[in-house]
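A.B. asks: Can you look at this prediction? I've put the sequence above it.
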Amino acid sequence: MNNKRIFGIIFLLLILISAVSLVSAEDHSYSIEHSWIDLTVGSNGLLHVKETLDYSFDGEFSGVYRDITLRDGQNISHINVTAEGAYPVLKQEDQNGNKHLVIYLYSDAAHTNKIKDCNVKVTLNYDFSGVVTLYNDTGLLQYNMWGKNWDTGVGGIDLKIHTPGNKNNEIYFTPSDLIKSNNTEGDVITATTGSVSEDKVCGFVLLMPLDDFHNASYARHLNENGKEQVLKSIHDSLNGEKSWNSILSFLTLIPFLSPIGAIIIYLRHGREPKVDYDGIYERELPTDDSPAVVNALVDNKSDIGNPNMKGFEATILSLIDRKVLDLHFRENSETNTHDLFLTFNYDSKDQLSDSETIVFDTLENFAEEGTLNLSTFNDQLQNSFNAGWFADQIKNWQSYVLFEIGDDGVESYFNDTGSSEMTGLGIIGIVVGIAIAAIGFFFGGSHTFTTIVAGIALVVFSVILLFIPESVFGQWTEKGRVFYLKWSNFKKFLKDNSLIKEHPPESIVIWKKYLIYGTALGVADKVYDAMKLQMPNVYEYDDGIFLYHHYGGYYMMHNAYYIGDNMSDPSSDSFDFGGFDDFGGGGFDGGGGGAF
């Protein structure tokens with residue numbers, strides 16, 4: 001299996017896995033439509049928190065939970081919960097010093113029925129001590145409105161902060177591009193955000209004049225100057241965020257570079273040379289090359305120079321025509337069909353080319369007493385050893401045909417530089433596209449959607465590049481271009497019954513050549529149909545070539561090839577800009593929450 005098919009299958013498997021994941025999702029889900037956070041910073045250093053979460057439940061749920069991270073010296077008290085749209089019951093648990101709040105929600109006042117398919121607004125009120133830090137030169141509140149430990153995102157956040165004083169307050173948000181608006185009027189600061197995904201951090205740092213605090217027993221005190229250090233960390237983080245956003249913006253432009261690269265490759269290597277040939281069709285064989293060579297150069301556009309099974313079959317027909325192989329049929333009374341048999345003329349073997357010798361030896365290996373029953377050939381290939389040997393022989397045959405393509409090989413006919421470069425571009429594009437989508441998914445922030453879409457678009461375009469025929473971006477030499485055009489026009493002649501009717505062959509010998517090379521070019525059926533129109537008595541000719549076609553030799557050999565191929569090879573066919581630094585161990589990291 002070539003690299004193009006491997007990467008194409010990997011891409012399809014990724015799509016399949018994603019689809020299965022969606023189908024196998026749980027039969028109930030929930031989302032948090034919005035969050036309202038109201039913070040009051042007291043002059044005594046106590047922070048009063050009121051947060052309201054708007055839950056939308058699809059299916060039956062028992063309630064929600066809220067985890068509040070507590071650091072050394074921090075404590076919450078006076079916890080109270082209310083709900084709009086349900087009847088809440090609060091249960092508190094201490095887990096390694098943190099608060100785990102479990103809120104059971106009921107649809108009735110008796111607390112007997114769980115909630116189902118509804119919207120509920122849950123409001124938590126509590127006092128938070130030890131979260132405000134007082135340095136010798138400034139007061140600090142670092143607070144994450146949304147933390148990394150939620151199991152779902154939020155549609156948006158409305159923030160309101162009441163400060164102890166109404167002058168010289170400084171607030172900085174991160175990530176800044178998530179903030180839709182913010183405003184400061186006196187001692188009230190407001191802000192709104194866009195949607196925030198789970199495991200993302202959205203917060204702020206608030207600097208307040210030290211004179212606004214009095215008897216601040218609920219604050220954390222550090223006997224040092226901290227404002228300069230805090231501002232430096234804030235600016236470093238914001239500059240890093242700005243740089244990262246620039247990188248994300250650049251990543252979304254990369255998918256546009258791939259088509260430009262494809263165009264450049266085509267202009268350099270894909271344009272065909274002008275040749276002195278303007279024929280419309282060819283009635284005679286354009287060259288005296290073997291059918292396998294013609295098949296390799298003309299029929300297999302995805303891998304020029306490598307013959308396919310049509311070339312193998314055309315070689316069999318050529319051997320039958322030259323009496324190296326003799327084909328005859330017998331009626332099978334058990335199945336009411338005809339069995340095809342090949343017998344081998346060993347005296348003629350010395351006259352064969354290397355590739356023809358491999359075809360002869362491959363078929364003869366499965367013969368019994370010099371006769372091969374093509375009708376039961378498939379049964380022998382059910383054996384994995386036989387199948388593996390047969391597949392290896394096909395590969396050997398392909399290699400020898402390649403050696404027989406002129407003195408200078410395929411290169412004298414076709415330059416595959418452009419196709420090779422395009423394959424490389426496709427493989428690199430898949431890897432880079434997956435990386436861009438992953439970066440967008442994990443670190444995209446407000447650029448998540450556009451970055452993921454850009455990555456997927458690059459992957460899709462790159463996979464398409466891998467499946468474009470080699471002839472599109474490769475380039476024929478002048479010799480190869482004339483060869484290809486003449487044989488393509490001969491193929492056009494064989495496909496068009498009206499042309500054959502106008503210029504019918506003068507002998508049965510020519511018809512047989514048409515059928516042999518029509519097989520190599522993939523139009524054997526067209527030739528045979530034309531024969532039946534021009535020669536109604538074709539069935540009267542006791543000739544192996546016609547018998548091979550009439551009694552399904554193509555089907556038998558194709559089936560044998562695919563059985564052999566499949567039996568021998570069953571597999572074939574830290575970027576965290578979501579929050580500022582932890583200044584002195586204080587602040588609130590946003591915690592997390594979920595539903596159950």
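C.D. replies: Everything's here; your move.

A.B. asks: Now do the strands in the stretch 301-450 of the chain.
C.D. replies: For the stretch 301-450 of the chain, the strands defined by DSSP state E, counting those that start in this stretch occupy 325-332, 337-344, 371-373, 414-415.

A.B. asks: Identify the residues contacting the shortest one?
C.D. replies: Meaning strand 414-415. 269, 297, 304, 305, 471, 474, 475, 476, 477, 480 (CB atoms under 8 Å, 6 or more residues apart in numbering). To be clear about C-beta, it is placed using only N, CA and C from the backbone, and glycine gets the same treatment.

A.B. asks: which ones are touching the third one?
C.D. replies: Residues near residue 304 by CB under 8 Å, 6+ apart: 296, 297, 410, 413, 414, 416, 470, 471, 474.

A.B. asks: Check the last one too.
C.D. replies: Residues in contact with residue 480 (CB under 8 Å, 6+ apart) are 297, 412, 413, 414.

A.B. asks: can we see that at 10 Å?
C.D. replies: Shown in contact with residue 480 (CB atoms under 10 Å, 6 or more residues apart in numbering): 272-273, 275, 297, 304, 406, 410-415, 474.

A.B. asks: before we move on, back to that, mind checking which of the contacts of strand 414-415 are in helices?
C.D. replies: 471, 480 (DSSP state H).

A.B. asks: that older thread, next, format the strands of the stretch 301-450 of the chain as CSV and append mean pLDDT, distance to residue 207 and mean neighbour count.
C.D. replies: Shown next, in CSV, are those (pLDDT from 0 to 100; distance: least, CB to CB, whole Å; neighbours: other CB atoms under 10 Å):
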stretch, mean pLDDT, distance to residue 207, mean neighbour count
strand 325-332, 80, 93, 15
strand 337-344, 82, 91, 17
strand 371-373, 89, 90, 17
strand 414-415, 92, 67, 20
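
A.B. asks: So which of the ones you listed is nearest residue 246?
C.D. replies: Taking CB to CB, strand 414-415 is the member of the strands of the stretch 301-450 of the chain nearest to residue 246, at 40.4 Å.

A.B. asks: Figure out how far that closest one is from the centre of its chain.
C.D. replies: 30 Å (CA atoms, centre = their mean, to the nearest Å).

A.B. asks: Looking at the strands of the stretch 301-450 of the chain, spot the one closest to residue 518.
C.D. replies: With CB to CB as the yardstick, what comes closest out of those is strand 325-332 (17.5 Å).

A.B. asks: and the closest one, what other elements does it pack with?
C.D. replies: helix 309-321, strand 337-344, helix 354-365, strand 371-373, helix 544-550 (3 or more CB pairs under 10 Å, 6 or more residues apart in numbering; DSSP states H and E).

A.B. asks: So which bits of stretch 490-510 are buried?
C.D. replies: 490, 491, 492, 493, 494, 495, 499, 500, 505 (16 or more other CB atoms under 10 Å).

A.B. asks: picking that back up, do you know which of the strands of the stretch 301-450 of the chain lies nearest residue 452?
C.D. replies: Going by CB to CB, the one of the strands of the stretch 301-450 of the chain nearest residue 452 is strand 414-415, 38.1 Å.

A.B. asks: Strand partners (parallel or antiparallel) of the closest one?
C.D. replies: Its sheet considered, strand 414-415 pairs with strand 475-476 (antiparallel) by DSSP bridges.

A.B. asks: Other residues contacting the partner strand?
C.D. replies: With contacts defined as CB under 10 Å, 6+ apart, strand 475-476 is touched by 266, 268-273, 275, 297, 304, 413-419, 481-485.

A.B. asks: one step back: of all pairs in the contacts of strand 414-415, which one is the farthest apart?
C.D. replies: Top of the distance list for the contacts of strand 414-415 (CB to CB): 269 and 297, 18.0 Å.

A.B. asks: just to revisit the earlier point, hmm, which of the contacts of strand 475-476 are the buried ones?
C.D. replies: Among the contacts of strand 475-476, the ones that count as buried (16+ other CB under 10 Å) are 266, 269-270, 275, 297, 304, 413-416, 418-419, 481-485.

A.B. asks: Tell me where the model's unsure across this protein.
C.D. replies: 1-27, 241, 332-338, 407, 444-446, 532-543, 550-556, 558-591, 593-595 (pLDDT under 70).

A.B. asks: got the buried residues for the longest helix seen in it?
C.D. replies: Counting by DSSP H, the longest helix found in the chain is helix 417-443. The neighbour-count check on helix 417-443 (16+ other CB under 10 Å) flags 418-419, 421-423, 425-427, 429-430, 432-434, 436-437, 439-440, 443 as buried.

A.B. asks: for stretch 38-49, same thing?
C.D. replies: Result for stretch 38-49 [16+ other CB under 10 Å]: buried residues 38, 39, 40, 41, 42, 43, 45, 46, 47, 49.

A.B. asks: ok, these vs residue 394, which is closest?
C.D. replies: The closest of the buried residues of stretch 38-49, once distances to residue 394 are taken by CB to CB, is residue 49, at 73.4 Å.

A.B. asks: residues in contact with the closest one?
C.D. replies: If you count contacts by CB under 10 Å, 6+ apart, then residue 49 has 37-40, 68, 76, 79, 124-128, 131, 143, 588 around it.

A.B. asks: Relative to residue 495, how far out is it?
C.D. replies: Counting by CB to CB, to the nearest Å, the gap from residue 49 to residue 495 is 79 Å.

A.B. asks: Residue 144 is in what secondary structure piece?
C.D. replies: strand 139-146 (DSSP states H and E).

A.B. asks: got it, and residue 88?
C.D. replies: Using DSSP H and E, residue 88 falls in strand 87-95.

A.B. asks: Who are the packing partners of the next helix or strand after that strand?
C.D. replies: Sequence order places strand 98-106 as the next helix or strand after strand 87-95, per DSSP H and E. Where contact means 3+ CB pairs under 10 Å, 6+ apart, strand 98-106 is packed against strand 47-61, strand 63-68, strand 75-84, strand 87-95, strand 115-129, strand 592-595.

A.B. asks: Deepest in the core, which of the ones you listed is it.
C.D. replies: Ranked by mean neighbour count, those are led by strand 63-68 with a mean of 21 (mean count of other CB atoms under 10 Å).

A.B. asks: helices or strands next to it in the packing?
C.D. replies: strand 47-61, strand 75-84, strand 87-95, strand 98-106, strand 115-129, strand 149-150, strand 592-595.

A.B. asks: could I get the first one in CSV with only the CA atoms?
C.D. replies: Looking back up the chat, that one is strand 47-61. C-alpha atoms of strand 47-61 as CSV (Å, rounded to 0.1, in the frame of the first residue of the first chain):
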residue,chain,number,x,y,z
LEU,A,47,-14.2,39.6,49.8
HIS,A,48,-17.9,38.9,49.4
VAL,A,49,-18.7,36.7,46.4
LYS,A,50,-22.1,36.3,44.7
GLU,A,51,-22.0,34.2,41.6
THR,A,52,-25.0,33.0,39.6
LEU,A,53,-24.8,30.2,37.1
ASP,A,54,-27.5,29.6,34.5
TYR,A,55,-27.6,25.9,33.8
SER,A,56,-29.5,24.3,30.9
PHE,A,57,-30.2,20.6,31.5
ASP,A,58,-31.1,18.1,28.8
GLY,A,59,-32.2,14.9,30.5
GLU,A,60,-32.5,14.0,34.1
PHE,A,61,-29.9,15.3,36.7
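
A.B. asks: now the angle from it to strand 115-129?
C.D. replies: 160 degrees (axes from the mean of the first three to the mean of the last three CA atoms, to 10 degrees).

A.B. asks: and strand 47-61, how far from the chain's centre?
C.D. replies: 36 Å.

A.B. asks: hey, what's residue 205 bridged with?
C.D. replies: Going by DSSP bridges, residue 205 is paired in beta bridges with residue 142, residue 172.

A.B. asks: Does it touch residue 139 like I think?
C.D. replies: No: using CB atoms under 10 Å, residue 205 makes no contact with residue 139, being 11.3 Å away.

A.B. asks: Compare these two (neighbour count), which wins?
C.D. replies: residue 139 (27 against 23; other CB atoms under 10 Å).

A.B. asks: Right, I'll leave it there.
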